[in-house]
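Asks: Here's my sequence, what's the structure:
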Amino acid sequence: MGTIFSAFIDVTLMLVNFLNPQDYISQIVLLLISCVVVAFGVFLEIKTEIVYLPPDGIIVAISTVLKKEFGKVKPFVDTTMVIIAAALSIAFLGYLVGVREGTIISALIIGPIVRILKKYLDSYVDLLIS
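Replies: I've put the predicted structure just below:
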């Protein structure tokens, strides 16, 4: 599954390589659009229950054990992973690399977007997959 997912990332990068926002506002807008696209993919992944990518599988396991909705658990797990990544970066490299505001924004909003998509698209996806 990871190989297929990676292939889709490569194809998508080829399709959108013309996008190169220069100013900060355009970069943030593109980030927010990307978060919606990623959240839609995560929503479909969780809804179909076929196979999970490892980070989402961890969140599914935690949400199942805690009996909490996936979209409510995801921001906490993602934020924890971002904090760990930042701490390891500082510990091993001596400075922060790879974690900026986009990473933090994504960690915080993808879960709530999944919840919104679930609320509005759940019945439509049920029709498609049944």
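
Asks: List the buried residues of the helix of greatest length in the chain.
Replies: Longest helix in the chain, counting residues (DSSP state H): helix 101-129. By neighbour count on 16 or more other CB atoms under 10 Å, the buried set for helix 101-129 is T103, S106, A107, L108, I109, I110, G111, I113, V114, R115, L117, K118. Every residue, glycine included, has its C-beta placed from N, CA and C.

Asks: Likewise for stretch 14-32?
Replies: Applying 16+ other CB under 10 Å to stretch 14-32 flags L31 as buried.

Asks: Please tell me how far that stretch is from the chain's geometric centre.
Replies: Relative to the chain's own centre, stretch 14-32 is displaced by 17 Å; criterion: CA atoms, centre = their mean, to the nearest Å.

Asks: swap in stretch 41-56?
Replies: How far stretch 41-56 lies from its chain's middle: 11 Å, per CA atoms, centre = their mean.

Asks: And for stretch 88-96?
Replies: For stretch 88-96, the distance to the chain centre is 24 Å (CA atoms, centre = their mean).

Asks: contacting residues around that stretch?
Replies: A86, V97, G98, V99 (CB atoms under 8 Å, 6 or more residues apart in numbering).

Asks: Among the residues you listed, name the least confidently predicted one.
Replies: Of all those, G98 carries the smallest pLDDT score, 92.

Asks: For that residue, give me its contacts.
Replies: So G98 contacts A85, S89 (CB under 8 Å, 6+ apart).

Asks: That one: which element?
Replies: Assigned by DSSP states H and E, G98 falls within no helix or strand.

Asks: roughly how far apart are it and A86?
Replies: 8 Å (CB to CB, to the nearest Å).

Asks: Also P75?
Replies: P75 is 16 Å from A86, where distance means CB to CB.

Asks: Could you measure from Y24 over to I9?
Replies: Here the criterion is CB to CB. By it, Y24 lies 25 Å from I9.

Asks: Same check on L19?
Replies: 15 Å.

Asks: ok, now L93?
Replies: Distance of L93 to I9, computed by CB to CB: 25 Å.
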